[in-house]
Structure formats: C-alpha cells, structure tokens
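Engineer: generate a structure from the sequence data that follows.
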Amino acid sequence: MQCPACQSSLSEKQIGSLSVRICEAGCGGMWFDTLEMEQVDRDAEAVGELLLGQSDSTVVTDPAGPRQCPRCETVQLKRVLLTPGSQVHIHECPSCDGCWLDVAELKKLHDERVDMINSGRVTVSGPFDLIQYLYEVRTGKRP
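Structural biologist: Coordinates of the predicted model:
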C-alpha cells in the first residue's frame, strides 16, 4: 500500500490488537480499515495513545491536498470534518469506508478529546482511547 499523502510505502504495525498502516518513511500519517477500528477493546487497550508515539515525522504534506485510497487505489478520499464543530479533518473512502489521518490530525483528535473530557462535555468509563473515539463518532455508536 502507498501513502495517500506522500506516496511512500505504508508499513503494517501491530499495536495491541490493532493492525494499522503507518507512513513511517514519509509523512507519519495512518490508514485505518473500518474493521480494524472495531477490534479495539476499550476496556483493555489505549491503542490511540500508543499510535501518537509512532508518528514522529518531519515530512510535511498539504492537509487539504487530494488523497487516493490506499486500499481501493482508484478511489479519491473525501476530506470531511470528524463532527460538526470539530477542528479535526479525516479523509474517508466512499468505497471501503476506511479512513486516513495525517499525523497533525491525529494529534488534533487527541487534543480535542482531552478538552472534551476536561470540560465535562463527555465522560469516559475505562481507558480513554483515540481509535475507539474515532470509531464511535464515525459510526454513531457512542456509549
């Protein structure tokens, strides 16, 4: 698979029970298949926190630039706000429903969620996990 942002090869990484594709040799972005996000056991793992430590890249890409789906190859990803009022953009594939997060967006996702928890707008039971949060928002399956 090729990185949709910088065209480097994506490396598959096993982090807890989650297998993700990370652009280690390039921009540091990450690809998530929808089913991979469903595998996160939020009572046992804080996978999103581990992913933040995996992305330490100096390669800069245009966050609004076009992206091709690394899974479907010929399908263009759609850049969308995670939720109304959010500052986090993700790139979704309209065909396979996977999503791409640039490293800056993953960090924004983390900061936005922490702000929501600290302000009392949401409560969490068990460990806070970015990937579980992303899955819940994208599917509407919030506890």
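Engineer: nearest residue to C3 in space, please, no chain neighbours.
Structural biologist: C23 (4.1 Å; Cβ to Cβ, 6 or more residues apart in numbering). Every residue, glycine included, has its C-beta placed from N, CA and C.
Engineer: confidence-wise, which helix or strand of this structure is lowest on average?
Structural biologist: Here the helix or strand of the chain ranked lowest by mean pLDDT, DSSP states H and E is helix 47-54, holding a mean of 55.
Engineer: next SSE after that one?
Structural biologist: Next helix or strand after helix 47-54 toward the C-terminus (DSSP states H and E): strand 78-81.
Engineer: in that next one, which residues are buried?
Structural biologist: Using 16 or more other Cβ atoms under 10 Å as the test for burial, strand 78-81 gives R79.
Engineer: swap in stretch 81-101?
Structural biologist: Per 16+ other Cβ under 10 Å, stretch 81-101 contains these buried residues: 82, 88-93, 98-101.
Engineer: any idea what the most centrally placed residue in the chain is bridged to?
Structural biologist: Centroid-nearest residue in the chain, with Cα atoms, centre = their mean: L101, separated by 4.4 Å. With DSSP bridges as the criterion, L101 is bridged to M30.
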